[in-house]
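J.: build me a model:
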Amino acid sequence: MQDSDPNANPFNPLPPVVIALAVVIAGVELLFAAAERGFIGGPGAIGWRLAAIQAWGFVDVVFDWMIQNRRFPPGDVARLVTYPLLHVGFSHALFVVVFVLALGKMVGEAFRGWAVLAVFFGASVGGALAYGLLLDDRVALAGGFPGVYGLIGAFTYILWMRLSDAGAKRYRAFALVGLLLAVQLLFQLFFGGHSGWVADLSGFVTGFLMSFVVSPGGPARLRGWLARARRR
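T.: So this is what the prediction gives:
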């Protein structure tokens, strides 16, 4: 047996794209936090966060206008991928950064870096579209949790495949998202809140389905399943 390298790093490094995403989210939040505490921007800077969410968050009224008029200004379409970088407060951003780093590492051990990033932003787009199409909520959608739930969807896919290969019950892979959604719904029941869980759940579904395409070997595996389904 070949001896292992004693100088090898026992911890798998974080994918660079995950670090970059976390740095961008944290950097935007630190900018807003510094402005609200008067460190930069002067008295008017206290409104930077709200102005940014109105300008770059996902606003249902703007989305409805685009659908009704069949006009899609690039700046408003960009809201689909800019809203996950904006947060309503420091703790909101902090939780997203922690989840991005943790889930990004776990998913990044099986997916390529570009795929991790694609899942995060693809799930953010899917969550926003569901939020806009299914609801009539006047509260702007902001924050990275739909993207985080997309990473949970990718991690669920990884567990689902491992359980399938082991011949175990695949539904167990959905335990994590079930627990998180239950906690979120209970929190909203007792403390109130808007309907952001719709975007989160849609982000999870988007991330899970995207994993069949962006995971290593995923397209070939999907084609095999479809071919076997057609023969039945």
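
J.: alpha carbons only for contacts and neighbour counts from here, please
T.: Will do.

J.: which residue is nearest the centroid of the protein?
T.: The chain has Gly147 as the residue nearest its centroid, 0.7 Å off, counting by C-alpha atoms, centre = their mean.

J.: distance of that one from Ala26?
T.: 15 Å (C-alpha to C-alpha, to the nearest Å).

J.: swap in Leu85?
T.: Separation of Leu85 from Ala26 (C-alpha to C-alpha): 9 Å.

J.: before we move on, what about Val81?
T.: 16 Å.

J.: OK, contacts around the residue nearest to the centre of the chain?
T.: Going by C-alpha atoms under 8 Å, 6 or more residues apart in numbering, Gly147 touches 84, 119-124, 127, 200, 203-204.

J.: that one in helix, strand or coil?
T.: helix (DSSP: H, G, I helix; E, B strand; the rest coil).

J.: list the buried ones in whichever strand or helix holds Ala123?
T.: Using DSSP states H and E, Ala123 falls within helix 113-134. By neighbour count on 16 or more other C-alpha atoms under 10 Å, the buried set for helix 113-134 is 113, 115-132.

J.: pLDDT on it, on average?
T.: This predicted structure assigns helix 113-134 an average pLDDT of 97.

J.: give me the contact list for that helix.
T.: Against helix 113-134 from outside (C-alpha under 8 Å, 6+ apart): 15-18, 58, 60, 63-64, 80-81, 84, 104, 107-108, 141, 144, 146-151, 154, 196, 198-207, 210-211, 214-215.

J.: check stretch 162-170 too.
T.: For stretch 162-170, using C-alpha under 8 Å, 6+ apart, the contacting residues are 159-161, 173.

J.: swap the cut-off to 6 Å and go again
T.: Trp160 (C-alpha atoms under 6 Å, 6 or more residues apart in numbering).

J.: which residues of this structure fall in helices?
T.: Using DSSP state H, the helices of the chain run over 16-36, 48-56, 60-69, 74-77, 79-82, 90-108, 113-134, 145-165, 175-191, 196-214, 218-231.

J.: any chance of these in CSV, with distance to Gly42 too?
T.: Listed next are the helices of the chain as CSV, based on distance: least, C-alpha to C-alpha, whole Å:
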stretch, distance to Gly42
helix 16-36, 8
helix 48-56, 11
helix 60-69, 30
helix 74-77, 27
helix 79-82, 25
helix 90-108, 20
helix 113-134, 33
helix 145-165, 31
helix 175-191, 34
helix 196-214, 32
helix 218-231, 51
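
J.: single out the most deeply packed of those helices.
T.: Counting by mean count of other C-alpha atoms under 10 Å, helix 145-165 has the highest mean neighbour count of the helices of the chain, with a mean of 25.

J.: avg pLDDT for that one?
T.: Averaged across helix 145-165, pLDDT comes to 91.

J.: could you give the angle of that helix to helix 90-108?
T.: Angle between the axes of helix 145-165 and helix 90-108 is 30 degrees (criterion: axes from the mean of the first three to the mean of the last three C-alpha atoms, to 10 degrees).

J.: how far off centre is helix 145-165?
T.: Here the centre of helix 145-165 is set off from its chain's centre by 12 Å, with C-alpha atoms, centre = their mean, to the nearest Å.

J.: export it to CSV, keeping only CA atoms.
T.: Extracted C-alpha coordinates of helix 145-165, given in CSV (Å, rounded to 0.1, in the frame of the first residue of the first chain):
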residue,chain,number,x,y,z
PHE,A,145,-31.7,32.0,0.4
PRO,A,146,-33.3,30.8,-2.9
GLY,A,147,-29.8,30.2,-4.2
VAL,A,148,-28.8,28.5,-0.9
TYR,A,149,-31.8,26.3,-1.2
GLY,A,150,-30.6,25.5,-4.7
LEU,A,151,-27.3,24.3,-3.2
ILE,A,152,-29.4,22.2,-0.8
GLY,A,153,-31.1,20.8,-3.9
ALA,A,154,-27.7,19.9,-5.4
PHE,A,155,-26.6,18.3,-2.1
THR,A,156,-29.8,16.4,-2.0
TYR,A,157,-29.1,15.1,-5.5
ILE,A,158,-25.7,13.9,-4.4
LEU,A,159,-27.2,12.1,-1.5
TRP,A,160,-30.0,10.7,-3.7
MET,A,161,-27.5,9.3,-6.1
ARG,A,162,-25.4,7.7,-3.4
LEU,A,163,-28.4,6.1,-1.7
SER,A,164,-29.5,4.9,-5.2
ASP,A,165,-26.2,3.3,-5.8
